[in-house]
Each structure stands twice: as structure tokens, then as C-alpha cells.
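Asker: Mind looking at a prediction? Sequence and model below.
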Amino acid sequence: MKILIVDDHAVIHQGLHRILDDEFEGSTFGEARHSQEALDLVSLERWDVVILDVDLPGRGGLDLLKQLRAEQSKLPVIMFSMHSEEQFAVRALKAGASGYVAKDSASEQLVEAIRKVIRGGRYVSAALAEKLAADLSRDQSLAPHEILSDREFEVMRMIAAGKTTTAIADLLSLSVKTVSTYRTRILEKLQLETTAELIRYAIDHGFDH
């Protein structure tokens with residue numbers, strides 16, 4: 001089996017190699033530290049599964065996921081993230097992820113996810129499956145942040161984490177003007193008026209890290 005790991009932290013690559021090499025004997029691994037490197041590897045070789053971090057430098061993991069799905073719709077992609085399922089899992093699954101595993105989960109969960117997606121299934125944890133079922137059973141309107149686009153959501157989190165407009169522009173390879181436009185849209189959609197109110201909203205919903 002060929003597994004492509006897309007993450008900008010060397011320690012994650014090393015840790016996943018150890019875990020997965022024990023579970024999937026004879027597997028080979030590819031490593032990418034950013035989106036373009038991942039796209040190059042996917043275009044050059046056939047992979048059985050991609051393990052993709054949400055937080056990549058420059059172009060984020062959700063953007064990369066969408067392009068991978070557009071170019072190779074049958075390639076299983078598991079999002080592997082430091083963020084809790086409540087923050088990103090549903091958004092990732094809607095964008096085409098085959099599964100979502102939090103980095104602080106037990107290694108057995110990632111192994112189970114890989115086994116399921118390479119058979120053509122989709123993986124969610126038992127806790128997330130229960131939450132999704134509960135949400136479906138309730139007639140409730142969307143929370144304000146759920147109507148944000150993926151890019152707006154990403155900018156919101158960065159603002160909430162205390163990053164300046166210039167820093168966000170650098171991280172996302174955008175102009176300062178574009179980031180400011182995103183900020184304005186976010187405030188409008190959340191019906192807020194100031195950055196301070198946005199930060200409070202993010203803290204209340206656990207999006208400040």
C-alpha cells in the first residue's frame with residue numbers, strides 16, 4: 001500500500017511512519033510539506049490513501065482537499081488535524097474527505113480509518129456519528145459560523161488567534177485588501193460589528209486556537 005502524508009511537521013511524518021509501518025507491513029510512504037508538493041506527487045504517482053493536515057502553510061488543507069477531489073475523485077483522503085471534530089469534521093466531510101481523525105486520538109483510530117476508506121467507505125468516530133445523528137433528528141437552524149465559506153472560516157480562526165491582517169495575508173498568500181474584505185464579510189454574516197466581538201464569538205465557540 002502507498003500512503004501519502006501531507007503535513008509540514010517532521011515529527012508527524014516520523015510518528016505516522018512508525019505507527020503505520022507496524023500496522024501495514026510493506027507499505028511505502030510519500031511525504032509532502034505543502035500543497036504544491038502534494039499535488040506534484042499525486043500527479044506523478046498512484047496512491048492508495050492520502051493523510052492530509054488541515055493546517056498547511058500557505059494554501060490550507062481544505063483548499064487542497066477540494067482540488068484533489070476535483071482531479072482524482074476516487075482517491076481516499078483522510079483529514080488529520082489538531083482541531084476537534086466539532087470545529088472541522090463536518091466541513092471537511094462536505095468538502096469531500098473520506099474521513100476525519102483528530103491528532104490527539106488513539107493511533108488505532110487512524111488505522112481503522114485507513115482500513116475503512118481504502119475499502120471505499122467513509123470514516124467518522126463514534127462520537128461524531130452520534131452527534132451527526134442527533135443533529136439530523138433536531139429541526140435546528142445553522143449556527144452563524146456554519147454559513148461561512150471555508151476561506152472565511154479560516155480567516156475567522158486566524159483573527160481569533162490574534163493574528164494581524166498582514167500576518168494572515170502572508171500565511172494565506174493573499175493581499176491585505178482581500179483579507180480585510182473577508183473580515184468585513186465575516187462580521188456581516190455573524191452579525192457582529194467589531195473585531196473584539198468576533199474574538200469573543202470565536203472563544204465562546206472554541207475557535208480561538
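Answerer: Sure thing, it's come through.

Asker: going forward, measure contacts between C-alpha atoms and count neighbours the same way
Answerer: OK.

Asker: where does the protein have its least confident helix or strand?
Answerer: When each helix and strand of the chain is scored by mean pLDDT, DSSP states H and E, helix 126-137 comes last, with a mean of 66.

Asker: End to end on stretch 37-50, go ahead and measure it.
Answerer: End-to-end distance for stretch 37-50: 13 Å, by C-alpha to C-alpha, to the nearest Å.

Asker: Identify the residues contacting the most centrally placed residue in the chain.
Answerer: By C-alpha atoms, centre = their mean, the chain has its centre lying nearest to residue 54, at 3.0 Å. Taking C-alpha atoms under 8 Å, 6 or more residues apart in numbering, we find residue 54 in contact with 60-62, 79-81.

Asker: Next, it: phi, psi?
Answerer: phi -70, psi -40 (degrees, to the nearest 10).

Asker: tell me which element residue 4 falls in.
Answerer: Assigned by DSSP states H and E, residue 4 belongs to strand 2-6.

Asker: What is the burial count for residue 104?
Answerer: The tally of other residues near residue 104 (other C-alpha atoms under 10 Å) stands at 11.

Asker: Report pLDDT for the residue lying closest to residue 166 once chain neighbours are set aside.
Answerer: In space, and not counting its chain neighbours, residue 166 is closest to residue 176: 5.8 Å by C-alpha to C-alpha, 6 or more residues apart in numbering. With respect to pLDDT, residue 176 scores 93.

Asker: Cheers, nothing more for now.
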